[in-house]
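Q: could you look at this predicted model? Sequence included:
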Amino acid sequence: MTASYAPPGTPVVPVADRGPQPFAGTGPLFRLALRQDRVMIPAWVLVLGMVVVGGVGSLESLYDTPAKRTDIFDSLLTNGSLRALTGPAFDDSLGGLVAWRFGMFTATMAGLMSLLIVVRHTREEEETGRQEMLSSMAVGRRASLTAALLTALVANISLALLVVVATAGPTGSASGALALGLTVGTVGMLFAGAAGITAQLTESARLARGLAGAVLGLAFALRAAGDSAEAAGNSVLTWVSPLGWASQVRPFAGERWWLLLLLAAAVVVQGLVAYVLAGRRDVGMSFLATRPGPAVGRLTTATGLAWRLQRGTFLAWTLAFLALGIVFGGMADGASDLIGDNEDTRQIIERLGGQAGMTDAFLAAMVGMLGMVAAVYVVSAVLRLHGEETSQRAEPILANAVSRTGWAFGHLLIAFGGAAVVLAVGGLGLAIGHGESFGSVLGGALVLIPAVWLLGAIAVLVYGLLPRFATAAWALAGLCLAIGWIGPALDLPDAVLDLSPYAHLPKMPGSAMSWPPVLVLTALAAVMVGAGLAGLRRRDIETT
């Protein structure tokens, strides 16, 4: 063996202390992340792709003449509420309408998908202790972050390609389709970078997701405020938001390619910030330390602890539903003017709302949308039990004089009771925005509670009996959302629409109240919750 030479005075660093290179182990971690997300990523990509594919065909049939497309385009120029919801339109061609109707929605969902992926493979791995075990081997400090970003990149490239393929043929514009696909994928990576930063700042995956989601929500709110004020998107608020940049790329309407470079530069900057932060902290640590609790504890019950853990999420959802309700309610009176003489669009709204009166149909459709989104809240609140268990925080609680049912009861009370409150507040916001029909609009929101509870009960059932597959409850909530969102527009058969519990409830305001489906869905939810709690009592904790 040949000895290496070092000049006198050079400090000697033991080989064992040098550690692996910063990116060592990225390949295996990347392959592991793809394996873990082998169901989630294809599900996200296919569902969003189906929305675009079905939506292109729907718009092509609804606005099959230049006169119809010009009519809807002119309506958008004067309807600020609709621009706030879907973004501005810049061209009355089929491609321009596709970009208006699905560009902002798909880009926002790509951002949500990406931040969930990154947090799952970074902070969540550290919170559960798996990252510490991996870091004891030849794994670099930045390997997990790199693997997470690469996984998000695969998901966004797949979605972007699907968007390009779905829109290039029907619109006849390859450049417009490419611009739309690149916009969706780049926005997804932008919020993947934001999640990479929040994962370094916080000590919990829940808080990292919350902060990244708040950034996404703020970007959407700023863009909505700017677009509602200026039809051309020239508001300062539009340009403050990265989602505003995305809408200003203008696919199918004289593409602004330089804005894609601006989005890509923002992705690179966020990635660099995340890498710098990742290299300056220890595994399991964060830059935002958790605030210590009071010297004398006030959490005397399991229900009190559950409220302490979930109150921030509940309050955020409540305020968001109030704001959405007010916005949707303000659009109700202009629904007839927006639709104009387009009979096909009128029929879609009536299928969504369940009756012929356009204002009531629009309000009922918006109530139904809030109800479907509320399923996301109830499922996330129920699955907080799964997160507490897998992160080993449930075991110390259950080691005391707390039964499994008592521990679960607090979280389920917040999940099911919170869903009812969130829906009621959303209905109240709709009534405030509309300015009349308070009782019927609020009743229309409350009547959807059994459907939301049923989806939450299915999550309890799966968690109690098959905890390994608890996250599959997200797929069911997503399926109901997809059926309710695109089913009426595509005129799907009743057999498909009836797969959603929402299809069996009266659509109010406008329709007559019918108690049998309400009672049946409530009874089914109660039975499933009971069965899920029975399974939780009998199985081993942390057997996931």
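A: That came through fine. Numbering: from 1, shown residues only.

Q: contacts and neighbour counts: CA atoms only from here.
A: OK.

Q: the closest residue to residue 404 other than its chain neighbours: which element?
A: Spatial nearest neighbour of residue 404, excluding adjacent residues (C-alpha to C-alpha, 6 or more residues apart in numbering): residue 537 at 6.2 Å. Following DSSP states H and E, one finds residue 537 within helix 515-538.

Q: sec struct for the most centrally placed residue in the chain, please.
A: Among the residues of the chain, the one closest to the centroid is residue 112, at 4.7 Å (C-alpha atoms, centre = their mean). Three-state assignment for residue 112 (DSSP: H, G, I helix; E, B strand; the rest coil): helix.

Q: thinking again about what came up before, quick one: the residue nearest to residue 404 from residue 503, how far?
A: 33 Å (C-alpha to C-alpha, to the nearest Å).

Q: same deal with residue 168?
A: Taken as C-alpha to C-alpha, the span from residue 168 to residue 503 is 34 Å.

Q: more neighbours: the two, which one.
A: residue 503 (21 against 18; other C-alpha atoms under 10 Å).

Q: enumerate every residue touching residue 442.
A: Residues in contact with residue 442 (C-alpha atoms under 8 Å, 6 or more residues apart in numbering) are 424, 427-428, 431.

Q: now do 6 Å
A: 427-428 (C-alpha atoms under 6 Å, 6 or more residues apart in numbering).

Q: pLDDT score for it?
A: For residue 442, the pLDDT comes out at 86.

Q: do the same with residue 505
A: For residue 505, pLDDT reads 85.

Q: mind checking how far the nearest residue to it once chain neighbours are set aside is from residue 506?
A: Take residue 505 and drop its neighbours on the chain: the residue closest to it by C-alpha to C-alpha, 6+ apart is residue 517, 6.0 Å away. As judged by C-alpha to C-alpha, residue 517 and residue 506 stand 8 Å apart.

Q: burial check on residue 391, number of neighbours?
A: Residue 391: 16 surrounding residues under other C-alpha under 10 Å.

Q: phi and psi next, for it.
A: Phi and psi for residue 391, reported as degrees, to the nearest 10, are phi -90, psi 0.

Q: pLDDT score assigned to it?
A: For residue 391, pLDDT reads 75.

Q: again, but for the one 10 residues further on
A: Among the per-residue scores, residue 401 holds a pLDDT of 82.

Q: how close does it get to residue 215?
A: The separation that residue 401 has from residue 215, given C-alpha to C-alpha, amounts to 40 Å.

Q: and residue 36, by the same measure?
A: For residue 36, the distance to residue 215 - C-alpha to C-alpha - is 26 Å.

Q: residue 23 too?
A: From residue 23 to residue 215 the distance is 28 Å (C-alpha to C-alpha).

Q: any idea how far the closest residue in space to residue 249 that isn't next to it in sequence is from residue 69?
A: What sits nearest to residue 249 in space, not counting adjacent residues and going by C-alpha to C-alpha, 6+ apart, is residue 256, at 4.8 Å. Taking C-alpha to C-alpha as the criterion, residue 256 is separated from residue 69 by 23 Å.

Q: which of these two has more residues huddled nearby?
A: residue 69 (22 against 15).

Q: touching, that one and residue 63? I think so.
A: Yes: counting by C-alpha atoms under 6 Å, residue 63 is a contact partner of residue 69 at 5.4 Å.

Q: burial count for residue 24?
A: Neighbours around residue 24, by other C-alpha under 10 Å: 18.

Q: which SS class is it?
A: Applying three-state DSSP: residue 24 is coil.

Q: now residue 508
A: Residue 508 is classified as coil under three-state DSSP.

Q: show me what contacts it?
A: Per C-alpha under 6 Å, 6+ apart, neighbours of residue 508: 364, 444.

Q: distance of it relative to residue 244?
A: Taken as C-alpha to C-alpha, the span from residue 508 to residue 244 is 34 Å.

Q: could you measure from residue 401 over to residue 541?
A: Counting by C-alpha to C-alpha - residue 401 and residue 541 are separated by 16 Å.

Q: hmm, I was thinking of residue 199
A: Residue 199 is 27 Å from residue 541, by C-alpha to C-alpha.

Q: comparing the two, which residue is more hemmed in?
A: More crowded of residue 199 and residue 541, by other C-alpha under 10 Å: residue 199, with 33 against 16.

Q: no further questions, thank you.
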